[in-house]
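A.B. asks: Please work out how this folds:
(3 chains)
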Amino acid sequence: MEKKLLVFQTDFTYKEGAVCSMYGVVKSVDRSLDITDGTHEIPQFDTWSASYRLQQSMKFWPKGTVFVSVVDPGVGTQRKACVALTKNGYYIVTPDNGSLTHVYKSFGIEEVREIDETVNRLKGYDTEGVSIFHGRDLFSYCAAKLASGVISFEQVGPKYNVENIVLHDIQEASYGKDAVQGNLEINDPNFGNIWSNINTSKFKEAGFKPGETVHVIISNKEETLFEQKVLFDMSFGNTQKGSPILYNNELMNLALAVNQGSFTEKYNIGYGPDVQIIIRKVK
Amino acid sequence: MEKKLLVFQTDFTYKEGAVCSMYGVVKSVDRSLDITDGTHEIPQFDTWSASYRLQQSMKFWPKGTVFVSVVDPGVGTQRKACVALTKNGYYIVTPDNGSLTHVYKSFGIEEVREIDETVNRLKGYDTEGVSIFHGRDLFSYCAAKLASGVISFEQVGPKYNVENIVLHDIQEASYGKDAVQGNLEINDPNFGNIWSNINTSKFKEAGFKPGETVHVIISNKEETLFEQKVLFDMSFGNTQKGSPILYNNELMNLALAVNQGSFTEKYNIGYGPDVQIIIRKVK
Amino acid sequence: MEKKLLVFQTDFTYKEGAVCSMYGVVKSVDRSLDITDGTHEIPQFDTWSASYRLQQSMKFWPKGTVFVSVVDPGVGTQRKACVALTKNGYYIVTPDNGSLTHVYKSFGIEEVREIDETVNRLKGYDTEGVSIFHGRDLFSYCAAKLASGVISFEQVGPKYNVENIVLHDIQEASYGKDAVQGNLEINDPNFGNIWSNINTSKFKEAGFKPGETVHVIISNKEETLFEQKVLFDMSFGNTQKGSPILYNNELMNLALAVNQGSFTEKYNIGYGPDVQIIIRKVK
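C.D. replies: Residues are numbered from 1 along each chain as shown, chains lettered A, B, ... in the order given. Here you go, the predicted structure:
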């Protein structure tokens, strides 16, 4: 059987030895396993971002790839440790703490199993008494066994109801003729862009055209944070340096950028379930 | 012969091409070698941290793994360049500058050899005149040859006396019935926890119980930095957000954290040979 | 046919899912491909640094290695996407935006081809409408096909004239008997050193000797930024902590450092085409 690829994401950073210990556990299970760093810079304890990042990259990987996501503020408490199989054929090894939200909504979860600690937890390294590093002792170890073929998905542990998976509240965009409304879900922390959940294709179907200037309002609950006419285009490359632009991002969603600048810094705007964006035709 | 895995740690960061050059040298020796980033964010010139990080992750890797540690403030001077074989079966390629301290103490060094530059230094890349990048020209090259089987451990260079290995001063914890005393050795720079050298099992044997509130005093030489009653527990997941806790860390040692916060920032406490912790029963 | 190694450099950082998506595309083309992180911390939009970093590490890799460089401020505009074959036998997949400058000058470009988007762009992932992530949709996909042997170099797309490659202005150092003059090209962002384009061997041929104190003047256009007598030596390990030194860097060029400190911070000096260094004999 072909071994599965492993992709890791955590909020551990790469500053100390935690990631290295996890990868050692994987290689001790099967030294031929192929490990890729997804990212180790998820904001601390931010299961929402963990959820988003899984969705962002997953579909570009070969079917069967095993994603290990360890953003785990509740480690050592009663939250479930699980492996989910998505409807499009990927495995996710993660605490069941909201990290599955976006994948659940976008791709669907076929089946989810609680990791059986009695058989799928690391033994023999004097870590049996450790409660705070399931990333190493449980998730990496179980993921390596699954990727290597030492255990089948069924041998992860008992199945539970997909409907019991812990989910964050998540909003749907709405597409009207005069106004399209959505949520600013996440940022690009490097370039300072903000990404919405508005699908660009549907936005165009609603009657908006690349090259058109549109009216953009961003608000957090009742407070208006940004209200401007902004160019909508498919790339930011052709706009002036320093100008804001509504563009089609890498996931075919609308996003806001400042060409060669930072939208988030220039306009001091964040993201999250409460940050709403409305886009209207300019009259 | 099965090739050995390679794990690298440096204080180079990943901001420029140094790590990439080292890995190129490895792949030029043998392109099938498997390289893992341990960390490239050891604090600059901090051979104490280098030493700690080696110990932290080593035992989770398969026996025979070759660790390359390049924190090398004395590069180009008379400090030895060596390969050590630990008693538990790992190789460490490193300047002999204190980086072997914790591994020496925890696992023991079976044998140490000085790298023979006449045969185990990179040639033919116009770097023969370079004195300041042994990470690339000496350590990576020699480690790749060793991992690949091009040279045996004996062919690294001449053996020298293990007792001549350069060591940092290191303290032992002491376990009394009413007070346990140790050293705050290192931090978790990401989550802001501080780790002691007090073994949790021995601490419990001395009569302290999870769930018990204990009296913690941290001092630097004569100065008291922290004195509080703190909950001792096996995880921080069940405490209140923002509360300090004395918990069992990933290496079965006592550590201090603030649940979902930073102990080091909240209490402005560092680590190092002079930072002492005393834990007493609450009367 | 032996598959080619892949080395990636970008200005994306590792904070979110962009790098992970690129690597997924590679592994979906051929899961046996070997990927190494060059660096993902090139300063944003800095094609000069991208160019320098390629040159810095390239020659240490096996011939045939495929470098993917994505610093691409003009993504979605008319700049060419290309694959260059260097005279010393490496492939570079990159926007043709100045990123090839140093390699062109140091090693020479044998042949360059524009990537044919009709055949070498990712399809079937709903990214056909995305204009802003050629790193994933074009460069990674095309590089993976080339590295895997799915396409030959000729099948990348049409050849164009090497003389039409976009280049940054780049200066040559000059070596006189009493004065050697050059450009401060780049920094080491970690240790705070600055690297010149003055070759140390030629500098010594011009009559300067290790251990000699020399007169160093750094200027930006007309303005003098630094003027001091500085020790020239082959390593910084033997100088006093905190002292400036002119040393031979990892590429056999002269560079400025402060031993165990940061030259760039201590003297507030940057790099770039306008920053000139003159080194004279002390009379």
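
A.B. asks: Give me the below-cutoff pLDDT ranges for chain A.
C.D. replies: A:1, A:237-238 (pLDDT under 70).

A.B. asks: What residue in it comes nearest to chain C?
C.D. replies: Taking CB to the nearest CB, chain C has its nearest neighbour within chain A at A:Ser235, 2.9 Å off. For glycine as for every other residue, the C-beta is placed from the backbone atoms N, C-alpha and C.

A.B. asks: what does chain A put close to chain C?
C.D. replies: With the criterion set to CB under 8 Å from any CB of the partner chain, chain A comes near chain C through A:5, A:7, A:9, A:34, A:36-41, A:53, A:56-62, A:65, A:188-191, A:200-201, A:234-238, A:247-252, A:260.

A.B. asks: May I ask you to confirm that the residue of chain A closest to chain C is in contact with A:Tyr247?
C.D. replies: Yes. Contact criterion CB atoms under 8 Å: A:Ser235 and A:Tyr247 qualify, at 6.2 Å.

A.B. asks: Which residues are in contact with each of the two?
C.D. replies: With contacts defined as CB atoms under 8 Å, 6 or more residues apart in numbering or on different chains, the residues shared by A:Ser235 and A:Tyr247 are C:Ser131, C:Ile132.

A.B. asks: need the contact list for the closest residue to A:Lys266 other than its chain neighbours.
C.D. replies: Excluding the flanking residues, the one nearest A:Lys266 by CB to CB, 6 or more residues apart in numbering or on different chains is A:Val258, at 5.3 Å. Listed by CB under 8 Å, 6+ apart, the contact set of A:Val258 reads A:Gly192, A:Gly242, A:Ser243, A:Pro244, A:Ile245, A:Lys266.

A.B. asks: And for the fourth one, the neighbour number?
C.D. replies: The one in question is A:Pro244. A:Pro244 has 21 neighbours, counted by other CB atoms under 10 Å in any protein chain shown.

A.B. asks: show me what contacts it?
C.D. replies: A:Gln228, A:Val230, A:Leu256, A:Ala257, A:Val258, A:Phe263, A:Lys266, A:Tyr267 are the contacts of A:Pro244 under CB under 8 Å, 6+ apart.

A.B. asks: what's the residue nearest to the last one when sequence neighbours are not counted sitting at in phi/psi?
C.D. replies: Leaving out its chain neighbours, the residue that sits closest to A:Tyr267 by CB to CB, 6+ apart is A:Phe226, at 5.4 Å. Backbone torsions for A:Phe226, taken as degrees, to the nearest 10, come to phi -160, psi 130.

A.B. asks: so what's A:Phe226 bridging to?
C.D. replies: Beta bridges link A:Phe226 to A:Ile218, judged by DSSP bridges.

A.B. asks: neighbours around the closest residue to chain B within chain A, how many?
C.D. replies: Per CB to the nearest CB, A:Gly76 is where chain A lies closest to chain B, at 2.9 Å. Taking other CB under 10 Å as the neighbour definition, A:Gly76 ends up with a count of 19.

A.B. asks: Got the phi and psi for it?
C.D. replies: phi 90, psi -10.

A.B. asks: Which two among the contacts of A:Val258 are spaced furthest apart?
C.D. replies: Largest separation among those by CB to CB: A:Gly192 and A:Ser243, giving 13.7 Å.

A.B. asks: Look at these two and report which has more neighbours.
C.D. replies: A:Gly192 (19 against 14).
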